[in-house]
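Participant: Have a look at this prediction, sequence included:
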Amino acid sequence: MTRALVTGATGFIGGHLVRRLWEYGHEITCLVRPDSDRSRLEPYQARFEVGDVTDGESIAAAVCDKDVVYHLAGTTKCLRTEEFQHVNVDGVQNVAQACAQCSNPPALILVSSLAAAGPSMGSRLRVEADPPAPVSNYGHSKLAGEQAAMQFIDQVPITIIRPPIVLGEADRDGLTLFDSIARWNLHLVAGLSDELFSVIHADDLAEALVLAARDGHRLNDASSTDGIYFATADETPTYAELGRMIGDAVGREHVHVVHNPKLAVWCIAAISEFASQLLRRPHIVGVDKAREATAGSWACDDSALRRDTGFAPALSLQQRIAQTADWYTRQGWLKPAEQPVLVH
């Protein structure tokens, strides 16, 4: 039985991973903060260790008797750039160092982001060997986190996964996209051109992580990308097509796709950023996200992961979107589209 530790287990992706590990029969330990909501994890017979990845001493005991450490803990939005450094870089270093200090270091599966690699050029899919070119503070912090982990590749077996857009049940950030289409039949696209986007459902990402832990290559040279993987769905839609796919899932036959000039995107982001700072509550729509939204296509090729591990999404992207929309609706997070009244 594989003994696994999951950081960030109470987050959106973490819940999907814990369930998948439970289905595989693994012994699961979740690193949680004292005030974390553990309710989603309780059905999966997980053990809980109280700690915080930003506090190296608090995680040492949780790491050292494990076979695999899945490091998911991170932040996608913050009020100050320094918070990205604190969590996405220092947190990775603390976890990798804790692994290195074990007499028998566990494999470390680090969840990074496509944002660490940067956008793709036109219709060409980005591959792992392409030089990283992040455009946002978030992307720079995820790349710096990868580099922090690489300091320990001679002591710890490490594999890095860079997912693109992740959607799925319990995703609060993704709900905004579904809600605007279900409520207003409106899908806003940044820029006037049709850019490509890679997407993966959290269940498929969880499977990719487990397969990477079992069969993936480990980093052995900081200058090599062997041991770094993208993971994505089979389909690579444009952002407009993604909106129409969501429309199909929520009962909207003809979604109004509105292309916004990049200047408008920046204005909306600046207003949202100002409101976030005023309320002291970070929001996913902000200036940093505008840097990514206006950078072009975000599409990647996961052939390396499929070759080395046999990974393949279990369902089509349309099926995964429908699955997500159905969960949102059943939870009351999303109101179903109103059906037209037939007059006889």
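Facilitator: Happy to help now that I have it. Numbering: from 1, shown residues only.
Participant: And the helix or strand bottoming out on mean pLDDT in the chain, what's buried?
Facilitator: Using mean pLDDT, DSSP states H and E, the weakest-scoring helix or strand in the chain turns out to be helix 262-279, at a mean of 87. Neighbour counts over helix 262-279 (16 or more other Cβ atoms under 10 Å) mark 265, 266, 268, 269, 272, 273, 276 as buried. (C-beta placed from N, C-alpha, C; glycine too.)
Participant: do you know how far the second one is from residue 273?
Facilitator: Right, residue 266. To residue 273, residue 266 is 10 Å away according to Cβ to Cβ, to the nearest Å.
Participant: got any residues that touch both of these two?
Facilitator: residue 287 (Cβ atoms under 8 Å, 6 or more residues apart in numbering).
Participant: Quick check: next helix or strand after the least confident helix or strand of the chain?
Facilitator: Next helix or strand after helix 262-279 toward the C-terminus (DSSP states H and E): helix 287-293.
Participant: I'd like to know which elements that following helix is packed against.
Facilitator: helix 137-150, helix 262-279 (3 or more Cβ pairs under 8 Å, 6 or more residues apart in numbering; DSSP states H and E).
Participant: run the last query once more with 10 Å
Facilitator: With contacts defined as 3 or more Cβ pairs under 10 Å, 6 or more residues apart in numbering; DSSP states H and E, helix 287-293 has these neighbours: helix 114-117, helix 137-150, strand 186-190, helix 262-279.
Participant: now that helix: mean pLDDT?
Facilitator: The pLDDT scores in helix 287-293 average 93.
Participant: which residues sit against it?
Facilitator: 76-78, 81, 84, 114-115, 118-119, 134-141, 173, 188-191, 195, 239, 260, 262, 265-270, 272-274, 276, 282-283, 285, 298 (Cβ atoms under 10 Å, 6 or more residues apart in numbering).
Participant: Tell me the buried residues in the helix or strand that comes right after that helix?
Facilitator: As assigned by DSSP H and E, the chain's next helix or strand after helix 287-293 is helix 303-309. Neighbour-count burial for helix 303-309 flags 304, 305, 306, 308, 309 (criterion: 16+ other Cβ under 10 Å).
Participant: Ok, stretch 109-118 next?
Facilitator: Buried positions in stretch 109-118, judged by neighbour count with 16+ other Cβ under 10 Å: 109, 110, 111, 112, 113, 114, 115, 116, 117, 118.
Participant: mind listing what the last one touches?
Facilitator: So that's residue 118. 126, 130-136, 139-140, 143, 292, 295-296, 298.
Participant: And it, how close does it get to residue 306?
Facilitator: To residue 306, residue 118 is 22 Å away according to Cβ to Cβ.
Participant: try the fifth one
Facilitator: When distance is defined by Cβ to Cβ, residue 113 is 19 Å away from residue 306.
Participant: Look at the residue nearest to residue 17 when sequence neighbours are not counted and tell me its secondary structure.
Facilitator: Nearest non-adjacent residue to residue 17, counting by Cβ to Cβ, 6 or more residues apart in numbering: residue 206, 4.3 Å away. Following DSSP: H, G, I helix; E, B strand; the rest coil, residue 206 is assigned to helix.
Participant: So that it lines up with my notes, have the first residue be 47 from now on.
Facilitator: With the count now opening at 47, the last piece we talked about shows up as residue 252.
Participant: Is residue 252 in contact with residue 72, as I believe?
Facilitator: No: counting by Cβ atoms under 10 Å, residue 252 stays clear of residue 72, with 11.8 Å between them.
Participant: okay, and for the stretch 97-246 of the chain, where does confidence drop off?
Facilitator: Of all residues in the stretch 97-246 of the chain, none has pLDDT under 70.
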